[in-house]
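S.K.: Can you look at this prediction? I've put the sequence above it.
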Amino acid sequence: MGEIEQRPTPGSRLGAPENSGISTLERGQKPPPTPSGKLVSIKIQMLDDTQEAFEVPQRAPGKVLLDAVCSHLNLVEGDYFGLEFPDHKKITVWLDLLKPIVKQIRRPKHVVVRFVVKFFPPDHTQLQEELTRYLFALQVKQDLAQGRLTCNDTSAALLISHIVQSEIGDFDETLDREHLAKNKYIPQQDALEDKIVEFHHNHIGQTPAESDFQLLEIARRLEMYGIRLHPAKDREGTKINLAVANTGILVFQGFTKINAFNWAKVRKLSFKRKRFLIKLRPDANSAYQDTLEFLMASRDFCKSFWKICVEHHAFFRLFEEPKPKPKPVLFSRGSSFRFSGRTQKQVLDYVKEGGHKKVQFERKHSKIHSIRSLASQPTELNSEAPDQSQQSTSLTFGEGAESPGTQSCQQGKEPKLPPGEPGPHPSPTPRRSPAGSLTGSPHLSELSVNSQGGAAPAHVTLSPNLSPDTKQASPLISPLLNDQACPRTDDEDEGRRKRFPTDKAYFIAKEVSTTERTYLKDLEVITSWFQSTVSKEDSMPEALKSLIFPNFEPLHKFHTSFLKEIEQRLALWEGRSNAQIRGDYQRIGDVMLKNVQGMKHLAAHLWKHGEALEALENGIKSSRRLENFCRDFELQKVCYLPLNTFLLRPLHRLMHYKQVLERLCKHYPPSHHDFRDCRAALAEITEMVAQLHGTMIKMENFQKLHELKKDLIGIDNLVVPGREFIRLGSLSKLSGKGLQQRMFFLFNDVLLYTSRGLTASNQFKVHGQLPLYGMTIEESEDEWGVPHCLTLRGQRQSIIVAASSRSEMEKWVEDIQMAIDLAEKSSGPAPELLASSPPDNKSPDEATSADQESEDDLSASRTSLERQAPHRGNTMVHVCWHRNTSVSMVDFSIAVENQLSGNLLRKFKNSNGWQKLWVVFTNFCLFFYKSHQDNHPLASLPLLGYSLTIPSESENIHKDHVFKLHFKSHVYYFRAESEYTFERWMEVIRSATSSSSRAPVLSHKESLVY
């Protein structure tokens, strides 16, 4: 092999000079003397997928090889990177920088060592060099392609659009599609091509450096950014994955993070054979044991993970490299492994103090030249940056440190910041980047926010002395914190804050307040209205009363206090107190943590709600008087939803708290003073939701079956153990009279079809039932000449049906096929049990029970065919019938999670003014109130079948944050108060206006942008 200098190197390929210093040494130091002896050639695979060979002495420590790679890349911040390789047991491990290479890589000729990012900092603005950010961007690109960095489709498309911008430059649709056809950045890329091209069109004028910066800004907010999963099991034997990050040790179930142990809480890390042990600091508020134990596949896996945990803790938490322990004289106990190299603080200090020459280099796939970010002589503007960066750096290492009140200047088209951006200091003077791109504009920030619920960077400072004429580095190359770029007065800040807080966390906290008001009103339907009506009539057994009301009243009392506390905090946050100026109350995590912990004491009441629902429905089934009483109460205006829905509201509310805390944790950087409380509250509420999850699913299915039972006539025993609801909707059935509209109900064992009855109750009469066992399904458009046509062949009969659209047909096919598979695999309820006229199922004992029913009640027929009482005409079944669509149990589950309340301005198509209304979104429907204090809605708008869009310019709606709902000739405009609330309303309404299939449920739940 030739010498390293005699072959093309990464540095020479990038066009850099050959005399750069070695990255991992302090300034003024010389590399250690290279051990003499036999040279060994080692192949290194770089992040741009090229391979380079390096010759090093075989007895040299791993540090020599890493330094050689960094030196030839001219990489100043090489400490973030590492070398990984498969050992003799095929386990991927990191190269130990202190051990001799020959003892680690036993067969160098057959091993390819990979140069990759090892330490992912919490904030990419801490990376000072453009080359470093370019290599990080290559790592993100690699992780996307390998499926390691998982995210929703919108985030993936946005990430790829920035990669494409850095590789081929400005938007050209033909070139874009050709480039995407040749390069696969993610599995299933074809489905995202249109969205990638659409996003790329927004990046015109953006330089490669800016693209890298924006790519990392989006990627760092993804949950799987920089995460490498290590399979393990907990004490119960449940399969989990462990990971380590800059904040601490993380626990995943699949790709979902279920727990986190911050470094501040960890007292000791150790391993014993296959057991990985985490010893926590004593905490009176923690529900965890002192020592947590996880079982890994082998001792080698366990030790490898322990090592990387030790290195992460030292790199991100220590101020300097730990000193080696003195060797014991006689016996050694435990591992002697220690972190070797500079800590992140040392790297930051070194880069800030060093005067590095600007170096041009070429990127792979890109014809655009870039310039190193750090100037050889720091300007007067940047001279104050080290002190401020020092403050921000200390956040990474100090325990419980709070974020300094640094100010930053943002780019944008308008003087005000988007509401989703954090920080109490809005920039009064917008700036444009030299390339003409609005890299900090509200539009780009919106994409960043929407992709994962995070916010755009608030600490990106743009140097005002850089312009296109001077050919200096991009504004985004050197994002140092400074105040001089954005002069402002305290009075101005105070006035702006009082008028309109800009922190996204404020709007999340406000959402908690508005939805809590609605939740309290829902609790009052039971604790006040229903209880008051029950007390006037002797229609409910005392046992049932004692099961329902005592388990709701403590909840109402607790949440009344909770709401008051949130509203007090918001009042301070909005600037109605001097405390707000100090920032003491610009957080919500402490309030959430306190009250989530208080909810744990109410868990006994929450467990009773499922029991109360079952008891109420059983009471209705056995007592005609109670049935009539509950039906009459449901006709009251205050009971705007089915009565049994209100009994499940407390369980649903826990899921809402979990979603809110997840958004807060994604919004806050780990160094934020509110992050720890939010993460702790999220851990508490996640535990409660996990405990109640099984009960919740069971009760939702139980409640849905009973709700459907009220809409059907001809069947009384629809609710039987084991039966699960899957989908309902309108299809056309082909008969001798042609196509006739029918309502279909799909369960896990039978498919029912009905027609709308002509009775006063507007119920649906069952015409037939098809057992799913042995059924086959096939498309038959060509056979019958009917679009979107299906043939369902059962064991006893076959029917031909047609859907209203191709997408509707595909949803039915998917769900029916799934139900057929379930019916064949399980011993579910026999369809023959669906009798149309069952005998009276009340026992003689029940007839003489505390209900004291009259002789007329007892002798009356129990068949629902003869019930002609008034019935709601706006149930989900009727909405699907009128709008010729369908809805699944998956949709109902998503609807439970997507509930929202707040003020909106409404405008009709031909009206001039806007009307302010309190709007509640739940159960696929918008309910309109004059104010949040009203007890019942003025009107409602079922959203199934509606289209959700943004008004076009031709509609002359010259207002911000407006969305449009339209169905046929019905058009409504709604206006939100901020960017965040606009996005939230769009998100939840989209969940109701577009019905889901069962397959993409996960992505639907992740998605935050439409």
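M.R.: Yep, it's here. Numbering: from 1, shown residues only.
S.K.: Could you tell me which helix of this protein is the longest one?
M.R.: The residue-count maximum for a helix in the chain (DSSP state H) belongs to helix 675-711.
S.K.: Which elements pack onto the next helix or strand after that one?
M.R.: Sequence order places strand 712-713 as the next helix or strand after helix 675-711, per DSSP states H and E. Packed against strand 712-713 by the contact rule (3 or more CB pairs under 8 Å, 6 or more residues apart in numbering; DSSP states H and E) you find strand 764-771. In this view, the C-beta of every residue, glycine as well, is placed from N, C-alpha and C.
S.K.: can you give me how far the longest helix of the chain is from the chain middle?
M.R.: In terms of CA atoms, centre = their mean, to the nearest Å, the centre of helix 675-711 is found 17 Å from the chain centre.
S.K.: could you say what helices and strands that helix packs with?
M.R.: Right, helix 675-711 is packed against strand 256-262, helix 589-599, helix 603-622, helix 643-647, helix 649-667, strand 725-735, helix 876-883, helix 889-897 by 3+ CB pairs under 8 Å, 6+ apart.
S.K.: helix or strand right after the longest one?
M.R.: Looking back up the chat, that one is helix 603-622. As assigned by DSSP H and E, the chain's next helix or strand after helix 603-622 is helix 624-634.
S.K.: Next, the angle helix 603-622 makes with that next one.
M.R.: 120 degrees (axes from the mean of the first three to the mean of the last three CA atoms, to 10 degrees).
S.K.: Am I right that residue 111 is in contact with residue 88?
M.R.: No - the pair residue 111 / residue 88 is not scored as a contact, 9.6 Å apart, by CB atoms under 8 Å.
S.K.: on that earlier part again, buried residues in the longest helix of the chain?
M.R.: By 16 or more other CB atoms under 10 Å, the buried positions in helix 675-711 come out as 675-688, 692, 695-696, 699-711.
S.K.: try stretch 954-969
M.R.: So stretch 954-969, judged by 16+ other CB under 10 Å, has buried residues 957, 961, 962, 963, 964, 965, 967.
S.K.: Likewise for stretch 815-822?
M.R.: Across stretch 815-822, burial judged by 16+ other CB under 10 Å covers 815, 816, 818, 819, 820, 822.
S.K.: Other residues contacting that stretch?
M.R.: 726-727, 746-749, 751, 772-773, 775-777, 792, 828, 888, 997-998 (CB atoms under 8 Å, 6 or more residues apart in numbering).
S.K.: List buried residues within those residues.
M.R.: 726-727, 746-749, 751, 772-773, 775, 777, 792, 828, 888, 997.
S.K.: Of the residues you listed, which pair is most distant in space?
M.R.: 773 and 997 (23.2 Å; CB to CB).
S.K.: ok, back up a step: ok, residue 111 and residue 88, which is more surrounded?
M.R.: Per other CB atoms under 10 Å, whichever of residue 111 and residue 88 has more neighbours is residue 111, with 15 against 10.
S.K.: contacting residues around the more buried one?
M.R.: 42, 43, 85, 86, 105.
S.K.: Distance check, the second one against residue 55.
M.R.: When distances are taken as CB to CB, to the nearest Å, residue 43 and residue 55 turn out to be 11 Å apart.
S.K.: And for the last one?
M.R.: The gap separating residue 105 from residue 55 is 13 Å, by CB to CB.
S.K.: that older thread, any chance of TSV for the contacts of residue 111, columns pLDDT and distance to residue 340?
M.R.: As requested, these are arranged in TSV below (pLDDT from 0 to 100; distance: CB to CB, whole Å):
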residue	pLDDT	distance to residue 340
42	92	19
43	93	23
85	92	17
86	89	22
105	88	17
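S.K.: Pick the one among those residues closest to residue 301.
M.R.: residue 86 (13.2 Å).
S.K.: Verify the stated contact: that closest one with residue 94.
M.R.: No - counting by CB under 8 Å, residue 86 does not reach residue 94; the two are 11.6 Å apart.
S.K.: Please enumerate the strands of the stretch 901-1010 of the chain.
M.R.: Secondary structure of the stretch 901-1010 of the chain by DSSP state E, counting those that start in this stretch: the strands cover 915-922, 925-929, 939-942, 947-949, 962-967, 970-975.
S.K.: Point me to the helix or strand that includes the closest residue to residue 180 other than its chain neighbours.
M.R.: Excluding the flanking residues, the one nearest residue 180 by CB to CB, 6 or more residues apart in numbering is residue 193, at 5.6 Å. With elements taken from DSSP H and E, the one containing residue 193 is helix 193-200.
S.K.: what about the following helix or strand past that helix, distance to the chain center?
M.R.: Moving toward the C-terminus from helix 193-200, the next helix or strand (DSSP H and E) is helix 208-219. Here helix 208-219 is found 21 Å from its chain centre; the criterion is CA atoms, centre = their mean.
S.K.: Go ahead and produce PDB holding the CA coordinates of helix 208-219.
M.R.: Extracted in PDB, the C-alpha atoms of helix 208-219 (Å, rounded to 0.1, in the frame of the first residue of the first chain):
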ATOM      1  CA  PRO A 208     -26.500  23.900   0.600                       C
ATOM      2  CA  ALA A 209     -25.300  25.200   4.000                       C
ATOM      3  CA  GLU A 210     -28.800  26.600   4.700                       C
ATOM      4  CA  SER A 211     -30.300  23.300   3.500                       C
ATOM      5  CA  ASP A 212     -28.100  21.400   5.900                       C
ATOM      6  CA  PHE A 213     -29.100  23.700   8.700                       C
ATOM      7  CA  GLN A 214     -32.900  23.300   8.000                       C
ATOM      8  CA  LEU A 215     -32.500  19.600   7.600                       C
ATOM      9  CA  LEU A 216     -31.000  19.300  11.100                       C
ATOM     10  CA  GLU A 217     -33.500  21.700  12.600                       C
ATOM     11  CA  ILE A 218     -36.300  19.300  11.500                       C
ATOM     12  CA  ALA A 219     -34.500  16.100  12.200                       C
END
